[in-house]
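Trainee: got a predicted model here, sequence first, then my questions.
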Amino acid sequence: MKAYVLFRGCSTPVRLPTYEIATNLVLEKLGINVEPLKNANCCGALYIEAQDEKAFLALNGRILAMAEKEGKDILAICAPCAGSLKHAKKLLDRRKTVRAEVNTLLAEDGLEYTKKVKVKHLLDIFEEDIGLYKLRTAITNSYQGIRLAAHYGCYTTRSFENLHTGSDEISTTIDDVIRIAGGVPVDYPRKMDCCGAPLSAMDEKLAGKVGLDKVRNVKDSGAEGIVTACSYCDIQLSQVQFGGRWEKSRIPVLTLPQFLGPALGIDEEDLGLHLNRTSPSRILGSLTGVR
Amino acid sequence: MEQTDKKGYRGDFPVRDEDVTSSFKYEVADWVGGEGLLRCLKCGACSGGCPVGSVIDYRPRKVLGNVLLGLKDEVLSSDQIWLCAACFTCEERCVQQVNFTDVVTVLRNMASREGNAAPGYIKMAEMVMENGRVTARTGLVDKMREKLGLPPLQDPDVEQLRAIMRAAGLNDVIAANKKGAVSK
C-alpha cells in the first residue's frame, strides 16, 4: 500500500475539515494510506514569499524536512500549499547555497532537507498513483449524467518543475474523474482562470469580483455544480455566492473526494456532505443507487 | 510621483529624468528569480491572460515596462506589484521565460524591506510569527473535527519556528513595515 504524509496546511483543517476527511476516506478506499504530518507549520504561500523569500524557503524547507524524517512523500490537498512546496523545492534543489543556508536555519530544530522527498497534489495522486482505469473499476454507485464544471485551481495544474511547456494549462484530471463517476464534465469560458482568493489579502472586493465572474461563467454553461481540488478555491467559490442578491440561484460547490466518495460507496454523512455551505443535494440526487 | 493614481498608472503624464533610476532593472535581475526580466520583449502575452486584468485595468506588461524604464520609486511604492494573484498563467505563457510572477516576488521583497508591504500581507506574516499558522483554532473547529472523526488539531512548535523566522529576517521586515506605518 502506497503511503503519504498529508500536509493539511492552515485553511483545510480549520475552515474545510470535510475536505480532509473525504480525502482520507476516498484514498483509503483506493488503496492509499494517508497520515497527517504532525506539528507542521504554515507554508507561507505567496504571502510570506512576497515579503521575505528566505523565510518562505525556511518554512517550506521545514515541512519538507519533517516529511523526510517520517520517510514518506508529501500529499498536499490545498493548491497554494502544494504549489508553495513544489516551488520552494525547485528553488532549494537547484541552488546549493540557498539549500545550505536553509539547512543551517533548520539545524536548530534538528532537521535537514536532502532533496529526497517528493511533493504531490491530490490530482497528481489520481493521475500517477491510482490511474483512471483502476478508478473506473472501483465505482459502485454511478451518477446519472449530472452536468458538472471542474475548477482546477492555479497551483494544481502547474508542474513548477517544468513551466513554460504550456501543457499544464490543459489539465483534464477533474473532468476525467467526473466522467468516470458517471457525470458529464462541462466546459466553460476561462475555465483555467484563478478563483481570485489570493487577492483577498490585498483587495477583498476585487477578489470577490474575480470569483463571481468564474461562478457566472459556470452557471452560463448550464452546469449544476462545481468540483474543486483546493480548499482555498472551494471556500472562495462558495463564499462569493453569499454576498448581494445571489441567494436564489446558488450553485453547489464541492471538493473532488466529496463528489467521488458516494460513487465509491462511502456514506454521504461520513464525507461531511451535509455540512457543505452550498447544499449538494441536487448532485447527490443523480446517484443511481438507493440513498 | 503625485502624477500617478492609486493603482500606479501614469496615464498621459510624461516620464522625467529625475523619476528614472536606470540601474533598477539590473538590481532586480540580480535577485534570484529576477533574471528573466532582461529578456522581456514587451509582447503582452502576460497581460492577455491575466485573470486580474480581466476584471480591472491591471496589466503585467505595464509593470514590466515601468521596471525596465527604471521607475523604481513608483514601482516599489504603488499597489501595482501587489495586485498580482500569483497564478503563474503569464509565467507559463511567456515566450521569453521572463517569469513575471517571480519578478513580482522580487519587487515585493524589495518593497517590503523599504516598509511598503501591503497591510494584508503583513498581517499574514504576523499571524505566522504568532501562531505558526494563519488560521486560529477554536472550540467550534475542534467540535466539528470530532464530529467528522478527525484527530484534534495540534499547534506547531511556535518557539522553534519563531527562532527560524527571526534568523531568516521576517521579524525585521515586519518591523520595517510597522515603523513605516507609524511615520506615515
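Mentor: The structure has been received and is ready for your questions. Numbers count the residues shown, from 1 in each chain, chains lettered A, B, ... in the order given.

Trainee: can you give me the domain assignment for chain B?
Mentor: Following automatic domain parsing, one finds the domains of chain B at B:17-113, B:119-183.

Trainee: lowest average pLDDT across those?
Mentor: Ranked on mean pLDDT, the bottom entry among the domains of chain B is domain B:119-183, at a mean of 89.

Trainee: quick check, it touching chain A?
Mentor: Yes - if you take C-beta under 8 Å from any C-beta of the partner chain as the test, domain B:119-183 does meet chain A, through B:120-125, B:128, B:132-138, B:141, B:144-145, B:148-151, B:153-157, B:160-161, B:163-165, B:167-170, B:173. Quick note: C-beta positions are derived from backbone N, CA and C, even for glycine.

Trainee: pretty sure A:Arg282 sits against A:Ala223.
Mentor: No - the pair A:Arg282 and A:Ala223 fails to qualify as a contact (C-beta atoms under 8 Å) at a distance of 11.1 Å.

Trainee: what packs against whichever helix or strand B:Met127 is part of?
Mentor: Under the criterion of DSSP states H and E, B:Met127 resides in helix B:119-131. Counting contacts by 3 or more C-beta pairs under 8 Å, 6 or more residues apart in numbering or on different chains; DSSP states H and E, helix B:119-131 is packed against helix A:45-51, helix B:158-168, helix B:170-183.

Trainee: roughly how far does the residue of the stretch 151-291 of chain A found nearest chain B sit from B:Asn171?
Mentor: Closest to chain B within the stretch 151-291 of chain A is A:Ala201: 3.3 Å, counting by C-beta to the nearest C-beta. With distances taken as C-beta to C-beta, to the nearest Å, A:Ala201 is found 20 Å from B:Asn171.

Trainee: higher neighbour count, the two?
Mentor: Each of A:Ala201 and B:Asn171 has its neighbours counted (other C-beta atoms under 10 Å in any protein chain shown); A:Ala201 has more, 21 against 16.

Trainee: so is the helix or strand of chain A with the lowest mean pLDDT next to chain B?
Mentor: Ranked by mean pLDDT, DSSP states H and E, the weakest helix or strand in chain A is helix A:154-157, scoring a mean of 85. Yes - counting by C-beta under 8 Å from any C-beta, chain B has neighbours in helix A:154-157: A:154-155.

Trainee: contacts for that helix next, please.
Mentor: For helix A:154-157, contacts defined as C-beta atoms under 8 Å, 6 or more residues apart in numbering or on different chains pick out A:79-80, A:82-84, A:86, A:121-123, A:168-169, A:171, A:192, A:194, A:229-230, B:85-89.

Trainee: with stretch B:164-184 instead?
Mentor: A:48, A:51-52, A:54-55, A:57-59, A:62, A:105-106, A:108-109, B:112-117, B:119, B:122, B:125-126, B:128-129.

Trainee: now do 7 Å
Mentor: Defining contact as C-beta atoms under 7 Å, 6 or more residues apart in numbering or on different chains, one finds that stretch B:164-184 is touched by A:51-52, A:54-55, A:58, A:62, A:105-106, A:108-109, B:112-113, B:115-117, B:122, B:125-126, B:129.

Trainee: how about the nearest residue to A:Glu53, chain neighbours excluded?
Mentor: Spatially, and ignoring its direct neighbours in sequence, A:Glu53 is nearest to B:Asn109 (5.7 Å; C-beta to C-beta, 6 or more residues apart in numbering or on different chains).

Trainee: what does A:Asp220 give?
Mentor: Using C-beta to C-beta, 6+ apart and skipping the chain neighbours, the partner closest in space to A:Asp220 is A:Tyr188 (7.0 Å).

Trainee: what about the one you found, how many residues nearby?
Mentor: A:Tyr188: 18 neighbours (other C-beta under 10 Å).

Trainee: was I right about it contacting A:Leu148?
Mentor: No - taking contacts as C-beta atoms under 7 Å, A:Tyr188 lies outside contact range of A:Leu148: 10.8 Å.

Trainee: spit out the residues that contact the two alike.
Mentor: With C-beta under 7 Å, 6+ apart as the test, A:Tyr188 and A:Leu148 both reach A:Ala223.

Trainee: got the phi and psi for the closest residue to B:Val75 other than its chain neighbours?
Mentor: Using C-beta to C-beta, 6+ apart and skipping the chain neighbours, the partner closest in space to B:Val75 is B:Asn66 (5.2 Å). Per-residue torsions, B:Asn66: phi -60, psi -40 (degrees, to the nearest 10).

Trainee: on that earlier part again, and A:Arg282 and A:Ala223? Which one has more around it.
Mentor: Remark: of A:Arg282 and A:Ala223, A:Ala223 carries more neighbours, 23 against 13, as counted by other C-beta under 10 Å.

Trainee: dump the residue contacts of the most centrally placed residue in chain A.
Mentor: Centroid-nearest residue in chain A: A:Cys230, 2.9 Å away (criterion: C-alpha atoms, centre = their mean). By C-beta under 7 Å, 6+ apart, the residues touching A:Cys230 are A:78-79, A:153, A:156.

Trainee: over to B:Arg133?
Mentor: A:10, A:41-42, B:156.

Trainee: could you redo the last one with a cut-off of 10 Å?
Mentor: Listed by C-beta atoms under 10 Å, 6 or more residues apart in numbering or on different chains, the contact partners of B:Arg133 are A:8-11, A:13-14, A:40-43, B:127, B:153, B:155-156, B:158, B:161.

Trainee: just the residues you listed now: which is nearest A:Val210?
Mentor: Set against A:Val210, the nearest of these by C-beta to C-beta is A:Ser11 (17.9 Å).

Trainee: mind pulling up the phi and psi values for A:Glu35?
Mentor: phi -120, psi 140.

Trainee: show me what the closest residue in space to it that isn't next to it in sequence is bridged to.
Mentor: Spatially, and ignoring its direct neighbours in sequence, A:Glu35 is nearest to A:Val5 (5.7 Å; C-beta to C-beta, 6+ apart). Beta-bridge partners of A:Val5, counted by DSSP bridges, are A:Glu35, A:Ile74.

Trainee: separation between A:Val5 and chain B?
Mentor: Distance of A:Val5 to chain B, given as C-beta to the nearest C-beta, to the nearest Å: 14 Å.

Trainee: correct me if wrong: that residue contacts A:Lys72.
Mentor: Yes - the criterion here is C-beta atoms under 10 Å, and A:Val5 meets it with A:Lys72 at 4.7 Å.

Trainee: and these two? which has more neighbours close in?
Mentor: Set A:Val5 next to A:Lys72 and count neighbours by other C-beta under 10 Å: A:Val5 wins out with 25 against 19.

Trainee: residues contacting the closest residue in space to B:Cys84 that isn't next to it in sequence?
Mentor: Once flanking residues are discounted, B:Cys84 sits nearest to B:Val104: 4.8 Å by C-beta to C-beta, 6+ apart. Contacts of B:Val104 were listed using C-beta under 10 Å, 6+ apart, and they are A:46, A:50, B:33-34, B:60, B:63-64, B:67, B:80-84, B:86, B:90-91.

Trainee: good, we can wrap up now.
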